[in-house]
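Chemist: Turn this into a model:
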Amino acid sequence: MSHRNPPPAPPPNIRHTSTTQILKQTTSLFYYNPLVFIFLSSLLLTFRSNVHSASHYLSSLIDRDPSLKSLLSRLDFSASTSASASHLHHHHHPTYRRRRAFLHLSRVGTLDDDFFSGDSDFDRSLFRQSSRKPTPNATFVIFSDFNPDYGFSNSVMDNGISFPKIVKPGVKTEFRNNATALSEEEERKFVESRLDDSNAVIDFDFLIKGFELGHRDATSLFFLAGVLSVTYAYVVLAFIVSYTWVNGIIFLKVVDHLVGNYRSFLRTIWDGSNIGLKRLSGFILMKWAVRDALAQLMGIFFFGEIEDHYVFLKVFLRMKFMPFANVAPWVIGHEWESAGFIAVWFLSDLILGFIFAVDSWVAIADSRRGGREIVKEGCHMLLALFCPAFEIRCLEAVICGSFGRWLLRKMFGDLLTLVFQSLMEVFFMVSWLVFYFAARHKDDTSVGKTFGRRELEHFLHLAR
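Modeler: Residues are numbered from 1 along each chain as shown. Okay, here's the model as predicted:
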């Protein structure tokens, strides 16, 4: 009786050199393992839905609560002192809305155009050189209605002596109905002359007055801060858990398929999620931090000129959710800034997504690498098969990015768009893993090493 040795197992199908081959292999993996990948798509769909729901909830929370709007307007430094303004202009004087004075000079009244103004007043910065020097040995004094808020008493008499008797020669006096009625040119020259006076005393009492909150206002403010903090902490935690699970399960399932190893559905979910949590938590956190910093910088650059604190807060909330989902803001009255932000974010996300495309798989394959080494090795793999990598990334950016979302929403609505993009996000994750194995095979072969079944089977030990 003759005994024959079983034929050797065929080598895994990882020798890909073109985009078509990689996408074909990815489609085959989806076809033979639909249950696992549909489950992962539903996990990402749940996360994306929660992000959109959280973003809309926070925006509607501010919209529905008039006390929060009122609080934001009163904390806005662009708001003037309403009580003083109504008292000073009750004789049918036209109201002139100015920013709240940022600095107070105790000897001369108010310094009203500050360099933190954030609007056109910024062009008249305090540090611009004066075209005309102040008159030597002269002091410019402004009497501003002798408002008690500025330290004056209700009377313009001092021990029976009127002001004209106590103002000495050489002092330039000018009586105004209101300090804010000064022309912008005179005010600018006055400010520049006072900056050179070392005897001027700066009073920051307005900081305390500007933030005098009642019990109800303080409660509303703390409630808003608490809701924002809890919601954002939940989204960050959900992001880390969801993407570590999804990447770990994809890695284990693809390796099992390539080497012909069988594992039950529940076992695959359990082992794969453990792999992801152990090896990817730090990298996913770093990836979020980079995208969050980029979103904040771009938000400041494009929307930093918004004066309305209520609108700015809503834009800020959108910026905080940008690293998790495509919730780019569109601000009425700032259409050019909004369009610029969307365009630059698309390009930035394209580049960042390309750099981080295979870093998750590098981190799982070798947990000894640090963050910089992971990114370096990932870029090396991308260069090994640059053309397929660039083409896959462009396809992913178009289908899963803002342009694809806008187009799909026009045709199918929000829900189907989220479902389709979640499914395609998992598809491209699998394609990047297939690409990583192909690039690793090509790179190791070029230096005389091997990368095949034995190396893939070694990865299976991660689940033990």
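
Chemist: Can you list the buried residues in the helix or strand where W345 lies?
Modeler: Assigned by DSSP states H and E, W345 falls within helix 335-355. Using 16 or more other C-beta atoms under 10 Å as the test for burial, helix 335-355 gives 337-338, 341-342, 345-346, 349-350, 353-354. C-beta coordinates here come from the backbone N, C-alpha and C atoms, glycine included.

Chemist: What's the mean pLDDT across it?
Modeler: The average pLDDT within helix 335-355 is 90.

Chemist: any residues touching it, and which ones?
Modeler: Contacting residues not belonging to helix 335-355 are listed as 290-291, 294-295, 298-299, 302-303, 305, 322, 328-331, 375, 378-379, 382, 389-390, 393-394, 396-397, 401-403 [C-beta atoms under 8 Å, 6 or more residues apart in numbering].

Chemist: how about I14, secondary structure?
Modeler: At I14 the chain is in coil, as set by DSSP: H, G, I helix; E, B strand; the rest coil.

Chemist: next SSE after the helix holding W345?
Modeler: Counting by DSSP H and E, the next helix or strand C-terminal to helix 335-355 is helix 359-365.

Chemist: between the next helix or strand after that next one and helix 335-355, how big is the angle?
Modeler: Proceeding N to C from helix 359-365, the next assigned helix or strand is helix 371-384, under DSSP H and E. Here helix 371-384 runs at an angle of 90 degrees relative to helix 335-355 (axes from the mean of the first three to the mean of the last three C-alpha atoms, to 10 degrees).

Chemist: in helix 371-384, what's buried?
Modeler: Using 16+ other C-beta under 10 Å as the burial criterion, the residues of helix 371-384 that qualify are 374-375, 377-379, 381-382, 384.

Chemist: how about R440, what does it touch?
Modeler: 381, 451 are the contacts of R440 under C-beta under 8 Å, 6+ apart.

Chemist: Just the element for it, please.
Modeler: Element membership for R440 (DSSP H and E) is helix 414-446.

Chemist: avg pLDDT for that helix?
Modeler: Helix 414-446 shows a mean pLDDT of 93.

Chemist: Past it, which element shows up next along the chain?
Modeler: helix 453-460.

Chemist: coming back round to it: any chance of the buried residues of helix 371-384 in TSV, plus pLDDT and distance to I240?
Modeler: Putting those into TSV (pLDDT from 0 to 100; distance: C-beta to C-beta, whole Å) gives the following:
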residue	pLDDT	distance to I240
I374	92	16
V375	92	18
E377	93	22
G378	93	19
C379	94	24
M381	94	24
L382	95	24
A384	92	29
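
Chemist: from the residues you listed, which single one is nearest G276?
Modeler: Of all the buried residues of helix 371-384, the one with the least separation from G276 (C-beta to C-beta) is I374, at 14.8 Å.

Chemist: quick one: buried residues of stretch 33-48?
Modeler: Quick answer for stretch 33-48 (16+ other C-beta under 10 Å): 33, 36-37, 40-41, 43-45, 47-48.

Chemist: What about those, which are in helices?
Modeler: Among the buried residues of stretch 33-48, the residues falling in helices (DSSP state H) are 36-37, 40-41, 43-45, 47-48.

Chemist: any chance of those residues in CSV, plus distance to Y57 and pLDDT?
Modeler: Output for these, formatted as CSV (distance: C-beta to C-beta, whole Å; pLDDT from 0 to 100):
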residue, distance to Y57, pLDDT
V36, 32, 95
F37, 30, 95
L40, 26, 95
S41, 24, 95
L43, 21, 94
L44, 20, 94
L45, 18, 93
F47, 15, 92
R48, 15, 90
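
Chemist: Closest to S55 out of the residues you listed?
Modeler: Nearest to S55 among those is R48, at 10.8 Å by C-beta to C-beta.

Chemist: Can you get me a residue count around K442?
Modeler: 17 (other C-beta atoms under 10 Å).

Chemist: if you skip the residues just before and after it, what's nearest to it?
Modeler: Closest residue to K442 apart from its sequence neighbours, by C-beta to C-beta, 6 or more residues apart in numbering: A384 at 5.3 Å.

Chemist: quick one: that neighbour and D443 touch, right?
Modeler: Yes: with contact defined as C-beta atoms under 8 Å, A384 counts as touching D443 (4.7 Å).

Chemist: need the strands for the chain, in chain order.
Modeler: For the chain, applying DSSP state E gives strands covering 103-105, 109-111, 139-144, 157-158, 161-162, 171-176, 202-203.

Chemist: Setting aside sequence neighbours, what's the nearest residue to F303?
Modeler: Using C-beta to C-beta, 6+ apart and skipping the chain neighbours, the partner closest in space to F303 is V315 (5.0 Å).

Chemist: Please name the residues that touch that neighbour.
Modeler: 299, 303, 306, 329, 331.

Chemist: Spit out the contact partners of S242.
Modeler: 43-44, 46-47.

Chemist: quick check, nearest of these to Y436?
Modeler: Closest to Y436, out of all of the contacts of S242 and judged by C-beta to C-beta, is L44, at 19.8 Å.

Chemist: ok, for the closest one, nearest residue in space, not its chain neighbours?
Modeler: Spatial nearest neighbour of L44, chain neighbours left out: S422 (4.3 Å); criterion: C-beta to C-beta, 6+ apart.

Chemist: what about the one you found, neighbour count?
Modeler: By other C-beta under 10 Å, neighbour count at S422 equals 21.

Chemist: Help me confirm that it comes into contact with F39.
Modeler: No: if you go by C-beta under 8 Å, S422 and F39 don't touch, sitting 11.3 Å apart.

Chemist: shared neighbours, these two?
Modeler: Common neighbours of S422 and F39 are not found (criterion: C-beta under 8 Å, 6+ apart).

Chemist: any idea how far V315 is from the residue lying closest to F324 once chain neighbours are set aside?
Modeler: The spatially closest residue to F324, leaving aside those adjacent along the chain, is V51, at 4.8 Å (C-beta to C-beta, 6+ apart). Distance, V51 to V315, using C-beta to C-beta, to the nearest Å: 17 Å.

Chemist: just I355 next, same as before
Modeler: Using C-beta to C-beta, I355 is found at 27 Å from V315.

Chemist: ok, now F341?
Modeler: Applying C-beta to C-beta, the value for F341 to V315 is 9 Å.

Chemist: Kindly report the same for T450.
Modeler: 53 Å.

Chemist: Please apply the same query to F321.
Modeler: Between F321 and V315 the computed distance is 11 Å (C-beta to C-beta).

Chemist: and for those two, which residues touch both?
Modeler: By C-beta under 8 Å, 6+ apart, no residue touches both F321 and V315.

Chemist: okay, and the helix or strand of this protein with the least pLDDT?
Modeler: For the chain, using mean pLDDT, DSSP states H and E, the weakest element among its helices and strands is strand 103-105, scoring a mean of 35.

Chemist: rewinding a little: any of the contacts of V315 buried? List them.
Modeler: Among the contacts of V315, those scoring as buried are 299, 303, 306, 329, 331 (criterion: 16+ other C-beta under 10 Å).

Chemist: and of these, the nearest to T26?
Modeler: Out of the buried ones among the contacts of V315, the member with the shortest distance to T26 (by C-beta to C-beta) is P329, at 33.8 Å.
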